[in-house]
Structure formats: C-alpha cells, structure tokens
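Student: the following comprises the amino acid sequence and a computationally predicted model.
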Amino acid sequence: MSRPHRVLMIVENDVAPLDTRVWGEAVALRDHGLQVSIICPKGAVGRSIFERYRTPYERREGIHIYRYERPDGSTSAAYVREYLVALLNTIWLSLKVLVRHGFDVLHVANPPDIFFPMGWFYHLFGKKFVFDQHDLAPEVFQEIFASRAHGLSARLLLKLLRVCERYSYRAADLVIAANESFRRIAIERGSCPAHKVSVVRNASALPQARFATPAHELKLGRRYLLAYVGVMGVQDGVEYALNALHKLVHARGRQDVSLALIGDGEDVPALRALARELRLDGYVTFTGWMASQDVAQNLASADVGLSPEPRNALNERSTMMKIMDYMTMGLPLVAFDLAETRFSAQDAGLYATPNSVDDFANKIEILLNSEALRLRMGSAGRIRAQGPLSWGRSREHLLRAYDNLLGQRCASPGADADTRGCAASVQVDT
C-alpha cells in the first residue's frame, strides 16, 4: 500500500489554527487522506485569544504545527526584519519537517510573497509548490504603507513586491486564488496558464453560528445594533462606519442605534479618538478579538452588518471575510459598491456610493426602517452562504485542484454536479 501524499503549509501573517482559511484547507486535505504539517508564527504575547498558541510544536487533530517567534512592528524597517526572521525560521523548520515527517507539496499562503526561493529549492527534490494567494501584496503596500515611504524608496519597495509576486506565480505548480478577480490577475499580470489557477473562495468560519442566542444587553439599551467584524487597519475604512453613525445620531437625531466594533488592529487608537471626537462614546463598543461563539452571539444580536471598506485597487478586488460571516448569520449588510463585495453578497446587501459617508448612512437607515427588508435580505444571504459560497463548495474546488496536481482520482463522490469531473481545474461560483 502506497504512503499518503504529504503537505507542508506555510503561513506568515497569522497563527494556526486561528487562520480560518489555512486551517480549513489543512483539515480538508487531512480528511482527503493527506498528511499535513503547518509552519506559522507563535501567538502574540498579551492577547489572550492568541497566547494559547505559543507552543513551538503541537499535534492538533492529526495535523503537525510548528511555530516560531515573530517580531512585530509597523515601520518599513520592522516589516523587513519581520519577513527576514520569518523566512529564515521557515526554512529551518521546513528542513525539520522534511526529516521528521516528509512532504511532497509545499503550500504557501501569502502575504508576504517571499517564499518562492523555497519553491525553487524544493523543486530540485521533486516537490510541488502551491501559491495560495490570500492578498494582493503590491496593492496592500500601496494602500497601507505607501504613505510611510516616500519617493524613490516607495517606488523601489513597490517594484520589489511586484517582482516577488511575479516569481511566486512562476515558481508555482498550482496557484490558488481567493476569487475571480485574483484569478484574472494571476493570468493577466502573472502570465499564469489558466489551467494552473484554481479558485477557492473564503467562507465563514461560523457554520453553526445561526444557532447563537441573541443577547439584548449588547445593544446598550437601544433598539438597534450595528456590527463590524474584523481587522481595523488603515485599509478597512472603519472611520466611515463611525462617521455614518455620527450622521445618524447627531445630524438625524436617531438615539436608537449603537455600534459594536468586533476585532482589533493598529488603527484602533485612532478610531477610539475619533469616536470621542464625534461624541459617540455611549454609542460604540470596542470589543477586541473574541472567540467565535462570542462573535456569533454579537452578530445574532445585531440588526445590520457593516462592511465600510472604501473603494481602492485592493478592496475592489478582495473578498471580505466579514461579509461571509454576516451572511452565514442571516444578517443584512451595508457596504460600498465594490465589485467582489457585490458579487459575494448580491441580494443580501445594500450598496452605497463608494466612499460616501452620507450614502452609507442612508443605506443603514433604510434597513433600520424596514424589518421586512432586513428579514428578506438576511434570508437571501444565509441561502447564498450555505449554497454556492459555502466552505463545502470551496472544499470541493481545493480537493479537485490537489487531485489534478498530484495526479489522483477526483475528490468527493458526493460533489455537486457543477463540481464533478477532472478536466477543468477552475470553478466559478455564481
């Protein structure tokens, strides 16, 4: 009997098993009969939800996890140091995994796009290299970091990021794209053959969250609760949500609405200051990171989910995980009219004119004023989240891509009709 294929997954910007996309893929591959190992950073000190994941090695649910200490920082020099430490530790730990467990596939999740040299090296020993593109690194730099680096240094860093992305595409035997926009970029900008690029969409990590019990005290004594879930960085546009709430409360006289900001990020101190400046102290709760069951309870208690990412080259092409969570919970949402956001949510959302605080507030108020509309949109979102955008569907796409990569049989005898057959490696959800 032949041994199972073995996969080594690498993630630099999150912790396993908290990175829901990486962990979902790892579990799917394990259940498909592959042996899976993961290399990732240790959880950050001082953040309770992360501190439990600081052991250098653990075997969790049959998956080997190796972790290293990663330095933090928000300056350009700090990111260079972080990535260098990550690369060196990952190379060392990959050799340890090779000796202890072995691997046939090196599966790298970005950002950053710095691990392609490992792909080249392990190609020499017959290993496959998978580039799992979670984000567009050049666009991330342009939207988040370009303002911190000026002139020649910014142009050089951007050029370096584009080179790293291009070589990551070239080194890959398989490119996994998070949505159709990323797939087009891989083909057009990365010159990847179409057959080498497969779409595996993000899906909610709260599959049972719809059974969560609402807690009315989370509404701070008011009739309605708005909710935002996720990272709060420069690119995430949480200030638009606060400014829209200011319009509702202080310009339109609505005293019946509060806002829960669920998550964390480097922009939180500025957002707290903005909330005070806008006289919203009694209307806004900053919860920090929460366990999934607590996130579920907050969303079960909410009336409208907010996705305030402004239009730019990054957000226009990105799939927001928070939208998947809102839809799974049957929560209608308000977002700016971005291509991938509209594709994901469709009838589950109202779409404001991009980057317009007034229209964002208008769309929130439309939903607050119509329970029937909220229920109809929430139902449409739940149906979509449980159907074409479910993790079960994405899992089929992932396993088929791996079967093609490894020359195995097609995955899952119970696959939906539109996901059967080995001929096409790319699936498009509708």
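Tutor: Structure's in. What do you need?
Student: from A251, how far off is the nearest residue to N243 once chain neighbours are set aside?
Tutor: Nearest non-adjacent residue to N243, counting by Cβ to Cβ, 6 or more residues apart in numbering: V357, 4.5 Å away. Heads up, the C-betas are built off the backbone N, CA and C, glycines and all. Note on V357: its distance to A251, by Cβ to Cβ, to the nearest Å, is 10 Å.
Student: sorry, back to before: surely the residue nearest to N243 and A244 touch.
Tutor: Yes - counting by Cβ atoms under 8 Å, V357 touches A244, with 5.5 Å between them.
Student: more neighbours: which of the two?
Tutor: For V357 versus A244, neighbours defined as other Cβ atoms under 10 Å are more numerous around A244 (26 against 19).
Student: name the next helix or strand downstream of the helix or strand containing that one, please.
Tutor: Element membership for A244 (DSSP states H and E) is helix 238-246. Helices and strands here follow DSSP H and E; after helix 238-246, the next one along the chain is strand 257-262.
Student: report how many residues lie close to the nearest residue to P332 once chain neighbours are set aside.
Tutor: Closest residue to P332 apart from its sequence neighbours, by Cβ to Cβ, 6+ apart: M377 at 3.7 Å. By other Cβ under 10 Å, 24 other residues sit near M377.
Student: show me where the stretch 101-250 of the chain dips below the pLDDT cut-off.
Tutor: Low-confidence segments of the stretch 101-250 of the chain (pLDDT under 70): 146-152, 207-210.
Student: count the neighbours of A251 for me.
Tutor: Residues near A251, counting by other Cβ under 10 Å, number 10.
Student: what pLDDT does it get?
Tutor: You'll see A251 listed with a pLDDT of 96.
Student: check the secondary structure at L274 for me.
Tutor: Three-state assignment for L274 (DSSP: H, G, I helix; E, B strand; the rest coil): helix.
Student: hmm, back to that, contacting residues around the residue nearest to P332?
Tutor: By Cβ atoms under 8 Å, 6 or more residues apart in numbering, M377 lies in contact with P332, L333, D347, A348, G349, L350, L367.
Student: which secondary structure element is home to it?
Tutor: Following DSSP H and E, one finds M377 within helix 371-386.
Student: flag every buried residue along that helix.
Tutor: For helix 371-386, the neighbour count (16 or more other Cβ atoms under 10 Å) marks R374, M377, G378, A380, G381, R382, R384, A385, Q386 as buried.
Student: ok, so of those residues, who is nearest R317?
Tutor: R384 (19.8 Å; Cβ to Cβ).
Student: looking at this, Y351 is in a helix?
Tutor: No - looking at Y351 with three-state DSSP, it is strand, so not inside a helix.
Student: residues contacting it?
Tutor: By Cβ under 8 Å, 6+ apart, the neighbours of Y351 are V334, A335, F336, D337, T341, R342, K363.
Student: could you rerun that using 10 Å?
Tutor: Residues in contact with Y351 (Cβ atoms under 10 Å, 6 or more residues apart in numbering) are 307, 333-338, 341-342, 345, 359-360, 363.
Student: for the residue nearest to P332, give me the pLDDT.
Tutor: pLDDT, read off for M377, is 98.
Student: likewise for the one 3 residues further on?
Tutor: For A380, the pLDDT comes out at 97.
Student: what's the nearest residue to it if we skip its chain neighbours?
Tutor: D347 (4.1 Å).
Student: which residues do V357 and A244 both contact?
Tutor: P308.
Student: and the helix of greatest length in the chain, what's buried?
Tutor: What stands out as the longest helix in the chain, according to DSSP state H, is helix 76-100. Across helix 76-100, burial judged by 16+ other Cβ under 10 Å covers Y79, E82, Y83, V85, A86, L87, N89, T90, L93, S94, V97, L98.
Student: a markdown table for these, including pLDDT and distance to E396?
Tutor: Listed next are the buried residues of helix 76-100 as a markdown table, based on pLDDT from 0 to 100; distance: Cβ to Cβ, whole Å:
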| residue | pLDDT | distance to E396 |
| --- | --- | --- |
| Y79 | 74 | 36 |
| E82 | 88 | 35 |
| Y83 | 88 | 33 |
| V85 | 93 | 37 |
| A86 | 94 | 31 |
| L87 | 95 | 33 |
| N89 | 96 | 34 |
| T90 | 97 | 29 |
| L93 | 98 | 31 |
| S94 | 98 | 29 |
| V97 | 98 | 27 |
| L98 | 98 | 30 |
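Student: mean confidence for the strand or helix carrying G24?
Tutor: Using DSSP H and E, G24 falls within helix 20-31. Helix 20-31 shows a mean pLDDT of 96.
Student: in its sheet, what does the helix or strand following it sit against?
Tutor: Counting by DSSP H and E, the next helix or strand C-terminal to helix 20-31 is strand 35-41. Strand 35-41 has the following sheet partners, assigned by DSSP bridges: strand 6-11 (parallel), strand 63-68 (parallel).
Student: hey, where'd the strands end up in this protein?
Tutor: For the chain, the strands defined by DSSP state E occupy 6-11, 35-41, 57-60, 63-68, 105-109, 128-133, 174-177, 197-199, 224-229, 257-262, 284-288, 304-307, 333-336, 349-352.
Student: need these in a markdown table with distance to P269, can you?
Tutor: Listed next are the strands of the chain as a markdown table, based on distance: least, Cβ to Cβ, whole Å:
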| stretch | distance to P269 |
| --- | --- |
| strand 6-11 | 27 |
| strand 35-41 | 23 |
| strand 57-60 | 33 |
| strand 63-68 | 28 |
| strand 105-109 | 29 |
| strand 128-133 | 31 |
| strand 174-177 | 34 |
| strand 197-199 | 37 |
| strand 224-229 | 17 |
| strand 257-262 | 13 |
| strand 284-288 | 10 |
| strand 304-307 | 20 |
| strand 333-336 | 24 |
| strand 349-352 | 26 |
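Student: what's the closest of the ones you listed to L158?
Tutor: When the strands of the chain are compared by Cβ to Cβ, strand 128-133 sits nearest L158, at 17.5 Å.
Student: related to what we said a few turns ago, so which elements touch the longest helix of the chain?
Tutor: Other elements packing on helix 76-100 under the criterion 3 or more Cβ pairs under 10 Å, 6 or more residues apart in numbering; DSSP states H and E are strand 6-11, strand 35-41, strand 57-60, strand 63-68, strand 105-109, helix 116-123, helix 151-171.
Student: right, I'll leave it there.
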